[in-house]
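> Could you look at this predicted model? Sequence included:
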Amino acid sequence: MKYLSTYEELGIKDKEEVFKYFMKNLKHTNRTFEFFIDWGKVFYNINNIEVELNILNYLIGKENINDEFKKLIKRYPDIVSIIPILIAVREKNLEVLVDFKEGEWKYKKYSFKKKKHYSDMEIDDIVEFCDKIGLLNLFANKKIKNIVDYCIGLEVGIGTNGRKNRGGKIMEDIVEWYVKNVCENLNLEYLTQATKSKIKNKWDIDLPVDKSSRQYDFAINNRGRLVLIETNFFSGGGSKLKSVAGEFKSLNDFLKGHHIVDKFIWITDGVGWETAQKPLKEAFENNDYIINTKMIVNGALDEIIKL
């Protein structure tokens, strides 16, 4: 790592103390209000199928619900394609194990692809599926009062699976706030989600890449040379952290061999690193610039870009 005057001003004497300062100032969480629910995505998904959901509301409380459902499919075939969504599934073709007691396991395939017309046999299969998974029973016994509201709840639940990605996006947004301020003060341009083609189109600079899918969270044009920034946040530990540290160590070594790259900065944070101090320290000693958000506040990012 490269020792900065920012560290000296903080009373940090040497590289070993810089690492200790880094570890001591890891954040417990980066959750903002946007982390919990992406309401925009929830209602976007609902609005796309709201008409079909309201048609299905007709089934709530019906006594001969299987027959009523068949009639409804014949009259409004578009409702078929949204049935998987009612059980939080995105696929349109589902395969179900229907018998495992006779030696060879037997499967049955059900299709919910949108069609203008379904045969009686296809309709029977669709109704059978909804009946066997208990969906029609929920409708008939009024366990669900409104299918639109029910689906909003499902989308909220499905959306929790995206929290990990939202946590990463939140870290990018936090870092961008600082990057934007630094670039405005230094009269520099920057790109987000910077790929080789985006950088070429924007600045006519050829970015060296170690793999075709490489994309940097930020790229700054520092008077014809690139400052590349990657960022992430780990609130929990795990084996992934070791591989992440190794990846950014290797990436740093790759970029160092190209004059067009002015600097590579890895901004990472989160108490998850407490479980992977050894691989992080190896990367810390190898790479020129690894900082956390506390160090950004201290002025390290400004200093690095100015160097």
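Yep, it's here.
> Going by residue numbers, what spans are strands in the chain?
93-99, 106-111, 189-194, 216-222, 225-233, 261-269, 289-291 (DSSP state E).
> ok, the first one: who's next to it in the sheet?
The partner list of strand 93-99 in its sheet, established with DSSP bridges, is strand 106-111 (antiparallel).
> mind saving the C-alpha coords of the strand it pairs with as CSV?
Presented in CSV, the C-alpha positions along strand 106-111 are these (Å, rounded to 0.1, in the frame of the first residue of the first chain):
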residue,chain,number,x,y,z
LYS,A,106,-43.0,-39.8,-12.7
TYR,A,107,-43.2,-36.2,-13.6
LYS,A,108,-46.0,-34.1,-15.1
LYS,A,109,-45.4,-30.9,-17.1
TYR,A,110,-47.6,-27.9,-16.9
SER,A,111,-47.4,-24.9,-19.3
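> and that strand, how far from the chain's centre?
How far strand 106-111 lies from its chain's middle: 32 Å, per Cα atoms, centre = their mean, to the nearest Å.
> Likewise for stretch 20-34?
Taking the mean of its C-alpha atoms, stretch 20-34 sits 19 Å from the chain's own mean (Cα atoms, centre = their mean).
> Dump that stretch to PDB, keeping only the CA atoms.
What follows is stretch 20-34, C-alpha atoms only, in PDB (Å, rounded to 0.1, in the frame of the first residue of the first chain):
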ATOM      1  CA  LYS A  20      -5.500  -1.600  12.100                       C
ATOM      2  CA  TYR A  21      -7.300   1.800  11.600                       C
ATOM      3  CA  PHE A  22      -9.100   0.300   8.600                       C
ATOM      4  CA  MET A  23     -10.300  -2.700  10.600                       C
ATOM      5  CA  LYS A  24     -11.300  -0.600  13.600                       C
ATOM      6  CA  ASN A  25     -13.500   1.700  11.600                       C
ATOM      7  CA  LEU A  26     -15.500  -0.800   9.600                       C
ATOM      8  CA  LYS A  27     -19.300  -0.100   9.500                       C
ATOM      9  CA  HIS A  28     -21.900  -2.500  10.900                       C
ATOM     10  CA  THR A  29     -24.400  -1.800   8.100                       C
ATOM     11  CA  ASN A  30     -25.000   0.400   5.100                       C
ATOM     12  CA  ARG A  31     -28.800  -0.100   5.100                       C
ATOM     13  CA  THR A  32     -30.700   3.000   4.100                       C
ATOM     14  CA  PHE A  33     -34.500   3.100   3.900                       C
ATOM     15  CA  GLU A  34     -34.300   2.100   0.200                       C
END
